[in-house]
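Engineer: Kindly generate the corresponding structure for this input.
(chains A, B, C and D)
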Protein chains: 2
Amino acid sequence: MRETIEPEGAPDEARGEAARDEGRDEAAVSRFVERFAADLAEAGMQRMAARVFAALLVSDSGALTSAELAERLRISPAAVSGAIRYLSQVDMVVREREPGSRRDRYRLYNEVWYETLTRRDQMVARWESTMRDGAKVLGPGTPAGLRIAETADFFEFVQRELPKMLERWRAQQAERRATESPKTQTP
Amino acid sequence: MRETIEPEGAPDEARGEAARDEGRDEAAVSRFVERFAADLAEAGMQRMAARVFAALLVSDSGALTSAELAERLRISPAAVSGAIRYLSQVDMVVREREPGSRRDRYRLYNEVWYETLTRRDQMVARWESTMRDGAKVLGPGTPAGLRIAETADFFEFVQRELPKMLERWRAQQAERRATESPKTQTP
DNA sequence: CCTTAACTTCACAAATTTGTGAAACTAGCG
DNA sequence: CGCTAGTTTCACAAATTTGTGAAGTTAAGG
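Structural biologist: Next up is the predicted model:
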């Protein structure tokens, strides 16, 4: 029951400068946006942040203004603001001030998955630190102390592995781009 | 302000069959439990589940009864029940019915981290599926379609990598146990 | 079989989170 | 320099989540 009062046939002075994304099955796209957002939310991301991220993902330009996001997701500017604050904080989106206009655009960060995994890595680092302290408290002679020390070791292991894994992904991508279509280089 | 009325000096008929965990700095242990639980909660785990898991982690036996958990964490049996339901569901804890007595014991699952990563893997699988569908909706000719297809590829890559990583961890552990102290085998 | 210890379920009150409208800022543009 | 489009902040109402007490269930032990 929300009435987004935005004269549908507004003069197009304000139109056409951003993503147009025309000629697609908007209903299907929206379903996809909501489905992916739900996946992310289930994994712990704030709901609005997830929706905004998904909306950016399906835009051809990879960047949208606050107004566009608000319109497409049917949410208030305040909600967009909150979502963007979160997404910038975790480096999933970058804010671009357009030189000419006074409105911001929010762009998908290119290395999103790199950033996201790095963030996860930092979390694991914190856990390892917690575990090392715990191992001290419990003492190396006790079963609990040993178990906790081993957990710390596991977290340390994961921390060493994640960056390597990202490296392999990049290598694979580089190779694929080289072989698959030698013309398609990102401008 | 919770009053856990449990006669501290209860006759020990009901004592001594489970974890005793004596002679440690209980205050320090409790701080560690709460800290690690907070880490887990921040990562999205339900708070009570996180606390119960942490409490099991610091027990020497690696297993506690509902009553012990309730007492140590100062929570109601209902809360324990809820937490255990979650933890069993995700295979982080196994339920053991003691043959003699009528009370259950909840034991840390040995391969917790293996299970946890596997679970994460399944989540990534769902995301990949979402992305493949999305790529279809957007179409392979569009920028958004390409971006989404690449994301799907990334998820696929991660899915292939995680199991390998776990394999390496196991190998490393096996080796360490062999070299470090050839006597210390789990009974 | 009946008793009763142990666990689970349920309804609810408390606490937390979420998204909004409206007011407060900020900075282009005239 | 003031106007105003665009964004952020704030207080609050709605929705959700959380943990509890109490009732309900199950099965071990007499």
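Engineer: Run through the residues that contact the residue of chain A found nearest chain B.
Structural biologist: For chain A and chain B, the shortest gap (Cβ to the nearest Cβ) falls at A:Gly44, measuring 3.5 Å. The C-beta positions use only the backbone N, C-alpha and C, and glycine is treated the same way. If a contact means Cβ atoms under 8 Å, 6 or more residues apart in numbering or on different chains, then A:Gly44 has B:43-44 as its contacts.
Engineer: is it true that it lies in a helix?
Structural biologist: No. When the secondary structure is assigned by DSSP: H, G, I helix; E, B strand; the rest coil, A:Gly44 falls in coil instead of a helix.
Engineer: Just the pLDDT for it.
Structural biologist: Among the per-residue scores, A:Gly44 holds a pLDDT of 91.
Engineer: Relative to A:Ala50, how far out is it?
Structural biologist: Counting by Cβ to Cβ, to the nearest Å, the separation of A:Gly44 from A:Ala50 is 10 Å.
Engineer: And A:Arg35, by the same measure?
Structural biologist: As judged by Cβ to Cβ, A:Arg35 and A:Ala50 stand 11 Å apart.
Engineer: So the two - more neighbours on which side?
Structural biologist: A:Ala50 (24 against 16; other Cβ atoms under 10 Å in any protein chain shown).
Engineer: which strands and helices sit next to the host helix or strand of the more buried one?
Structural biologist: The secondary structure element spanning A:Ala50 is helix A:47-57 (assigned by DSSP states H and E). Using 3 or more Cβ pairs under 8 Å, 6 or more residues apart in numbering or on different chains; DSSP states H and E as the contact criterion, the secondary-structure elements in contact with helix A:47-57 are helix A:26-42, strand A:63-65, helix A:66-73, helix A:77-89, strand A:93-97, strand A:104-108, helix B:143-180.
Engineer: Tell me which of these sits nearest to B:Met123.
Structural biologist: Each of these was checked against B:Met123 via Cβ to Cβ, and the shortest separation belongs to helix A:26-42, namely 7.9 Å.
Engineer: Would you mind listing the outside residues contacting that closest one?
Structural biologist: When contacts are defined by Cβ under 8 Å, 6+ apart, helix A:26-42 is touched by residues A:47, A:49-51, A:53-55, A:57-58, A:72-73, B:123, B:126-127, B:130-131, B:133-134, B:137-138.
Engineer: Would you mind writing the CA trace of that helix as PDB?
Structural biologist: Taking C-alpha atoms only, helix A:26-42 is exported to PDB below (Å, rounded to 0.1, in the frame of the first residue of the first chain):
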ATOM      1  CA  GLU A  26      11.100  -5.800 -16.200                       C
ATOM      2  CA  ALA A  27       8.900  -8.200 -14.200                       C
ATOM      3  CA  ALA A  28      11.500 -11.000 -14.600                       C
ATOM      4  CA  VAL A  29      14.400  -8.700 -13.800                       C
ATOM      5  CA  SER A  30      12.600  -7.600 -10.600                       C
ATOM      6  CA  ARG A  31      12.000 -11.200  -9.600                       C
ATOM      7  CA  PHE A  32      15.600 -11.900 -10.000                       C
ATOM      8  CA  VAL A  33      16.600  -8.800  -8.000                       C
ATOM      9  CA  GLU A  34      14.400  -9.900  -5.200                       C
ATOM     10  CA  ARG A  35      15.500 -13.500  -5.300                       C
ATOM     11  CA  PHE A  36      19.200 -12.600  -5.100                       C
ATOM     12  CA  ALA A  37      18.600 -10.000  -2.500                       C
ATOM     13  CA  ALA A  38      16.800 -12.600  -0.400                       C
ATOM     14  CA  ASP A  39      19.800 -15.000  -0.800                       C
ATOM     15  CA  LEU A  40      22.100 -12.200   0.400                       C
ATOM     16  CA  ALA A  41      19.800 -11.300   3.300                       C
ATOM     17  CA  GLU A  42      19.700 -14.900   4.400                       C
END
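Engineer: and that helix, which residues are buried?
Structural biologist: Within helix A:26-42, the residues scored as buried using 16 or more other Cβ atoms under 10 Å in any protein chain shown are A:29-30, A:32-33, A:35-37, A:39-41.
Engineer: tell me the domain boundaries of chain A?
Structural biologist: Using automatic domain parsing, the domain parsing of chain A gives A:25-108, A:112-180.
Engineer: closest to DNA strand C out of those domains?
Structural biologist: Set against DNA strand C and scored by Cβ to the nearest atom of the strand, the domains of chain A come closest in domain A:25-108, at 3.1 Å.
Engineer: how long is that closest one end to end?
Structural biologist: Start and end residues of domain A:25-108 are separated by 22 Å (Cα to Cα, to the nearest Å).
Engineer: Also stretch A:67-85?
Structural biologist: For stretch A:67-85, the separation between the terminal residues is 16 Å (Cα to Cα).
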